[in-house]
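Engineer: When you get a sec, could you give me coordinates for this:
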Amino acid sequence: MMAALDDLREATSVEAIKSDLLRTAYENEGSFLHKLDPRVLLLWYVVFLFVPWLFYDVTVLLGLLVFVSALAMLSRVSLFLVGLMTFTVATTLGSYAVVTVFTGDPVAAVRALIPFTLKLTIISVSSLAVFSSMGPKTLSQGLQSLGIPRQFTFLITYGYRMLPVLFEEYHDLVNSFRLRSTAPSNPGWFRWRHYTYLLKLSMRAFYPMIFNVAKRSRVTVEAMEARGFSHSLQDDASTDLRLADMKIRPLDVGFFAGSLTLVAVLAVFI
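Structural biologist: Numbers count the residues shown, from 1 in each chain. Alright, predicted model coming up:
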């Protein structure tokens, strides 16, 4: 029992959650969706943004949810994000049930909201599956090949690259503030004074973190301009070199066609 509790504490520690989120933010090279062309993945994602809204039958929506959930498992989506999404869906339905206790039938209200909630859940799980399989480089290549300006794709890539810096900077600042301050001697009921103390430290560390990251961003921009980044934006040879390794293969076509076939089967036979 104690070993299970220790494993649970280790899995829910700040370091474990940070590592899990960083792994999700960057590409999972061993996942199935990572093997697909990013253009196909983006097109598949756009299609599945609209497909759930075409159906109202709960059975069909559950079939779609099982399909995208299987893709999310193959994509090694963060369990922390899955748990957070599950908690959000459950609390949303529960809150509507509590509110309708005073205004009507809570069971009927939850039943009426189930199809809408399933549609949003399908879209959310699809987003997790797709974007956890594409890293910053893959995502920017896919968007640029679809005609998105490279300035925008660079912002996405740079944002991904700054995530580890943000995490480390924020963690170091919080620790530095904890070393220079005194924790409350009496934590109070349910340790409310201790948690209030941590909340204040978190708020104090936020502004210095943004300031330090802004300084790093300025240095990065100046270094890139010195290397001719703006000139490469108008150079066709640079674009061709950047997108040279992208190729749609039979696996991509089979995945996209198989997904549409599955949707047709669910719509016709269920």
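Engineer: what about the strand or helix carrying His231, distance to the chain center?
Structural biologist: In the assignment (DSSP states H and E), His231 maps to helix 229-233. From the chain centre to the centre of helix 229-233 is a distance of 30 Å (C-alpha atoms, centre = their mean, to the nearest Å).
Engineer: Heading C-terminal from it, find the next helix or strand.
Structural biologist: Following helix 229-233 toward the C-terminus (DSSP H and E): helix 236-242.
Engineer: what packs against that next one?
Structural biologist: helix 136-145 (3 or more C-beta pairs under 8 Å, 6 or more residues apart in numbering; DSSP states H and E). Bear in mind the C-beta positions are built from the backbone N, C-alpha and C, glycine included.
Engineer: how far away is Thr51 from Leu143?
Structural biologist: For residue 51 the amino acid is Val, not Thr. Val51 is 22 Å from Leu143, where distance means C-beta to C-beta, to the nearest Å.
Engineer: which non-adjacent residue is nearest the residue nearest the centre of the chain?
Structural biologist: Nearest to the geometric centre of the chain sits Leu128, at 5.2 Å (C-alpha atoms, centre = their mean). Spatial nearest neighbour of Leu128, excluding adjacent residues (C-beta to C-beta, 6 or more residues apart in numbering): Val77 at 4.7 Å.
Engineer: and what of Phe48?
Structural biologist: Spatially, and ignoring its direct neighbours in sequence, Phe48 is nearest to Ser126 (4.8 Å; C-beta to C-beta, 6+ apart).
Engineer: OK, contacts around the one you found?
Structural biologist: Tyr45, Phe48, Leu49, Val68, Leu71 (C-beta atoms under 8 Å, 6 or more residues apart in numbering).
Engineer: What about Tyr197, how many residues nearby?
Structural biologist: The burial count assigned to Tyr197 is 17, neighbours taken as other C-beta atoms under 10 Å.
Engineer: same question, the one 5 residues further on
Structural biologist: Neighbours of Ser202 under the rule other C-beta under 10 Å: 13.
Engineer: Check which helices and strands the helix or strand containing it sits against.
Structural biologist: Assigned by DSSP H and E, Ser202 falls within helix 192-226. On a contact count with 3+ C-beta pairs under 8 Å, 6+ apart, helix 192-226 meets helix 150-179.
Engineer: report the angle between the axes of the helix it packs on and helix 136-145?
Structural biologist: 150 degrees (axes from the mean of the first three to the mean of the last three C-alpha atoms, to 10 degrees).
Engineer: What residues sit buried inside helix 150-179?
Structural biologist: Arg150, Thr153, Phe154, Thr157, Tyr160, Phe167, Glu169, Tyr170, Leu173, Val174, Phe177 (16 or more other C-beta atoms under 10 Å).
Engineer: now swap in stretch 208-217 and tell me
Structural biologist: For stretch 208-217, burial by neighbour count (16+ other C-beta under 10 Å) applies to Met209, Asn212.
Engineer: per-residue pLDDT, the spatially closest residue to Val98 that is not a sequence neighbour?
Structural biologist: Leaving aside its chain neighbours, Val98 sits nearest to Pro106 (7.4 Å; criterion: C-beta to C-beta, 6+ apart). What the model reports as pLDDT for Pro106 is 75.
Engineer: and what of the one 10 residues further on?
Structural biologist: We have a pLDDT of 87 for Phe116.
Engineer: so which strand or helix has it?
Structural biologist: Counting by DSSP H and E, Phe116 is found in helix 106-131.
Engineer: neighbours around Ala108, how many?
Structural biologist: 10.
Engineer: Look up the closest residue to it, ignoring the ones flanking it.
Structural biologist: Thr100 (7.9 Å).
Engineer: what's near enough to touch Phe48?
Structural biologist: Residues counted as contacts of Phe48 (C-beta under 8 Å, 6+ apart) are Val68, Ile122, Ile123, Ser126, Ser259.
Engineer: nearest to Ala223, of those residues?
Structural biologist: Ser126 (37.1 Å; C-beta to C-beta).
Engineer: can you tell me how far the closest one sits from Phe67?
Structural biologist: According to C-beta to C-beta, Ser126 and Phe67 sit 9 Å apart.
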